[in-house]
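Undergrad: only geometry, no sequence info:
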């Protein structure tokens, strides 16, 4: 009878008609964290790449911070997925049994390519000269750490620096489509699930990509301000204004794409439209209209738009930028939430709903999600200590 | 070729070598026997003991109940829907089947639900209908007459 009791408890979460396998959500908050964290990686990296490829001087102080932020988050990008697995110790099987028949199985390739070939290489070439210098300056164990990081190459000739610069530039150029690939791929995972009308749209990879860029840029803006404040240095307003300008542009594109997707849904109004309308106006009202669109998009868009024409004094602007970066980061989190959780709340019969409740106590997914969001900041603190961008030698040109 | 590139290529070669080594030693034996999955998984699934037996197997011993049930509206339902899986009981009759008590089992299907197809399964509001009395006081679950 226990089973029947638990069935009744499960049915209490349900409204209308729903298939039995839809009552409990299979993809919980950890799966919300996965596209969120991956998006931060791709966004931060794209900001760094745009900076380098288009040689935007004002963004130069954020270049290394962006790269190291991308690396910190990339190192734990797989952790939400691994923690979500029923059998976490089997995760390596995906890497040793590669095949091309499932979009999810491609992740091993995409991840390794991006981490090993793009991020690590770009950071390595960018820091190689400095690591050689630091290995000469430091004593004790740090000397050996830096020497090991340079792979025991101590060449600091102008020719070798030029080679670093050239290869680094080439990797950046390859890195932009790679970052697009990484987050486009995450969007594709959802967009390709044709049985789910809330996910199944060809726009999904593009929407994911632009929202990733928005969140990555907001994160770099936030980290730049916090790191500069912690170092007791003056925040350069030209840097913040430039980041804000790019955030504004990308936010416009992101908002337009998402609006286009919604307008298309509303106009086409296929058989799934009624249930999606009830979903958006009911269970997703707070997370969709208030958090994602209101706090995460409209408020930042209007404020950033206003700041393009009229600039209050530095102190106010700093406060505005700090608040806006948090708003955008929150909004994009709720965008991922609305996609991942929203897509599982309605029945594929289109006649009913289930529910998902977040509780801080007794729900491992929420606690683990928090852990996987906080850990990258510690990794970043370590990387900034190991590879301080402010102690780098100026570029050769 | 610049020295740093040579070193990097060496590191990559070592990394790829380690990955290939891991792949060689850790790939499950029957991987790709039929497709991109462990072939042995199929054999393991086939070897699992079925938990549910069939109505005909129940009827082999409980023929009188099967006879009554075959004339009622519950005729198409498998015995194990209410009595639980019978794979142990069929081998050893001392292992008892589940005998549902209370109304919960009945209400799994018969609770009033606006989204359920009406006219196919009879639906009631349990409190209004029987004021908490057990369903089986009036209805024989093997041959419900209403």
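TA: Thanks, I have the structure now. All values reported here derive from a predicted model rather than from experimental measurement.
Undergrad: CA only for contacts and neighbour counts going forward, please
TA: Fine.
Undergrad: The residue lying closest to residue A:161 once chain neighbours are set aside: which element?
TA: Excluding the flanking residues, the one nearest residue A:161 by C-alpha to C-alpha, 6 or more residues apart in numbering or on different chains is residue A:129, at 6.8 Å. In the assignment (DSSP states H and E), residue A:129 maps to helix A:121-137.
Undergrad: Just after that helix, pick out the following helix or strand.
TA: Trace forward from helix A:121-137 with DSSP H and E and the next one is helix A:140-149.
Undergrad: What is the burial count for residue A:101?
TA: Residue A:101 has 10 neighbours, counted by other C-alpha atoms under 10 Å in any protein chain shown.
Undergrad: Same check on residue A:168?
TA: For residue A:168, the neighbour count with other C-alpha under 10 Å is 21.
Undergrad: show me what contacts it?
TA: A:121-122, A:125-126 (C-alpha atoms under 8 Å, 6 or more residues apart in numbering or on different chains).
Undergrad: Of these, keep whichever come out buried.
TA: By neighbour count, with 16 or more other C-alpha atoms under 10 Å in any protein chain shown, the contacts of residue A:168 hold A:121-122, A:125-126 as buried.
Undergrad: buried stuff in the helix or strand of chain B with the lowest mean pLDDT?
TA: Ranking every helix and strand in chain B by mean pLDDT, DSSP states H and E puts helix B:126-130 at the bottom, with a mean of 84. The neighbour-count criterion (16+ other C-alpha under 10 Å) identifies residue B:126 as the buried residues of helix B:126-130.
Undergrad: Which residues does that helix contact?
TA: For helix B:126-130, the external contacting residues (C-alpha under 8 Å, 6+ apart) are B:107, B:111, B:132.
Undergrad: just those residues now: which is nearest chain A?
TA: Chain A has its nearest neighbour among the contacts of helix B:126-130 in residue B:107, at 9.7 Å by C-alpha to the nearest C-alpha.
Undergrad: still on that earlier bit, so which of the buried ones among the contacts of residue A:168 reach chain B?
TA: Applying C-alpha under 8 Å from any C-alpha of the partner chain, the subset of the buried ones among the contacts of residue A:168 adjacent to chain B is empty.
Undergrad: who's in contact with stretch A:288-298?
TA: Residues outside stretch A:288-298 that contact it (C-alpha under 8 Å, 6+ apart) are A:251, A:255, A:280, A:327-335, A:338.
Undergrad: Can you pick out the most distant pair from the residues you listed?
TA: A:251 and A:280 (21.7 Å; C-alpha to C-alpha).
Undergrad: So which bits of the helix ranked longest in chain A are buried?
TA: In chain A, taking DSSP state H as the definition, the longest helix is helix A:158-191. By neighbour count with 16+ other C-alpha under 10 Å, helix A:158-191 contains the buried residues A:160-161, A:163-165, A:167-169, A:171-173, A:175-176, A:178-191.
Undergrad: for stretch A:379-397, same thing?
TA: Residues of stretch A:379-397 classed as buried: A:379-381, A:383-384, A:387-389, A:392 (neighbour count, 16+ other C-alpha under 10 Å).
Undergrad: least confident pick among these?
TA: Least confident entry in the buried residues of stretch A:379-397, by pLDDT: residue A:392, with 89.
Undergrad: Which neighbouring elements make contact with the helix or strand residue A:68 falls within?
TA: Following DSSP H and E, the helix or strand that holds residue A:68 is helix A:63-76. Counting by 3 or more C-alpha pairs under 8 Å, 6 or more residues apart in numbering or on different chains; DSSP states H and E, the packing neighbours recorded for helix A:63-76 are helix A:29-53, helix A:121-137, helix A:204-230, helix A:364-386.
Undergrad: out of those helices, which comes closest to residue A:92?
TA: helix A:29-53 (17.5 Å).
Undergrad: tell me what the closest one is packed against?
TA: In this structure, helix A:29-53 makes packing contacts with helix A:63-76, helix A:79-84, helix A:158-191, helix A:204-230, helix A:314-340, helix A:364-386, judged by 3+ C-alpha pairs under 8 Å, 6+ apart.
Undergrad: Quick one: distance of it to the chain centre.
TA: Centroid separation between helix A:29-53 and its chain, computed with C-alpha atoms, centre = their mean, to the nearest Å, is 3 Å.
Undergrad: now swap in stretch A:92-99 and tell me
TA: The answer for stretch A:92-99 is 24 Å, by C-alpha atoms, centre = their mean.
Undergrad: any residue of it up close to chain B?
TA: Yes: using C-alpha under 8 Å from any C-alpha, stretch A:92-99 comes into contact with chain B via A:93, A:96-97, A:99.
Undergrad: what about residue 137, neighbour count?
TA: Using chain A. Using other C-alpha under 10 Å, residue A:137 has 10 neighbouring residues.
Undergrad: actually it's chain B I care about, not the one you picked
TA: When neighbours are defined as other C-alpha under 10 Å, residue B:137 has 8 of them.
Undergrad: returning to what we had before: want to throw the helices and strands packed on helix A:29-53 into a markdown table with distance to residue B:136?
TA: Shown next, in a markdown table, are those (distance: least, C-alpha to C-alpha, whole Å):
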| stretch | distance to residue B:136 |
| --- | --- |
| helix A:63-76 | 57 |
| helix A:79-84 | 44 |
| helix A:158-191 | 48 |
| helix A:204-230 | 54 |
| helix A:314-340 | 44 |
| helix A:364-386 | 42 |
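Undergrad: Of all these, which one is nearest residue A:259?
TA: Closest among those, using C-alpha to C-alpha: helix A:204-230, at 10.1 Å.
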